[in-house]
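Undergrad: What shape does this take:
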Amino acid sequence: MRKLWNTGLINLDVKYRSGISLYFGENVEKEIKRANICFVRWLRKNYYFPRHINVFYTSTKKVTAYSGAKVYSWSFFPDCSYYNPFIEIAVGDYFNSLKVNGKDNALAESLHSLSYELSLYFQWIKGMESNKKQARYYGENIVWDYAKTREHP
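TA: Numbers count the residues shown, from 1 in each chain. Below you'll find the model as predicted:
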């Protein structure tokens, strides 16, 4: 169990819906859907998500973050309880990555994007400042933990 992702002592003042949900755009490759659904099933068995978070996958090569920047993934963590947090991940570069890196690594890219953004989510849940270096570290290690349970993503 990874320390940042351990929410055993988290006590939210307000009762929120918990968990994680995935939403896929209509042109998202079936293999990406399958790999991410399996990964999130594993995450649900191993980690608790105290505030519900939605994850949206788009078939574009990049998504536009709130700042206007074009990025591979981004997340929104609200300051008030009226809004729900969410993550958006671009997976439209899958076929190019498949040719260059092979199937396992191409699929692992989307898993890493998700685990990186979820690491930022857990920082937010715990009231920590956003630390991208720590999020990268946990993002990589969560995917490695998952890889130990599978032959292929």
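
Undergrad: Give me the buried positions along stretch 142-152.
TA: Across stretch 142-152, burial judged by 16 or more other CB atoms under 10 Å covers 142-143, 145-146. Just so you know, the C-beta spots here come from the backbone N, C-alpha and C atoms, and that holds for glycine as well.

Undergrad: Name the nearest residue to Ser59, sequence neighbours excluded.
TA: Distance criterion CB to CB, 6 or more residues apart in numbering; nearest residue to Ser59, sequence neighbours excluded, is Asn27 at 3.7 Å.

Undergrad: Just the element for that neighbour, please.
TA: Of the helices and strands defined by DSSP states H and E, none includes Asn27.

Undergrad: Distance check, the residue nearest in space to the middle of the chain against Ser81.
TA: With distances taken as CA atoms, centre = their mean, the residue of the chain nearest its centroid is Leu114 (2.1 Å). As judged by CB to CB, to the nearest Å, Leu114 and Ser81 stand 24 Å apart.

Undergrad: Then Trp74?
TA: Applying CB to CB to Trp74 and Ser81 gives a distance of 21 Å.

Undergrad: which stretches of the chain form helices?
TA: 30-46, 94-101, 103-125, 132-147 (DSSP state H).
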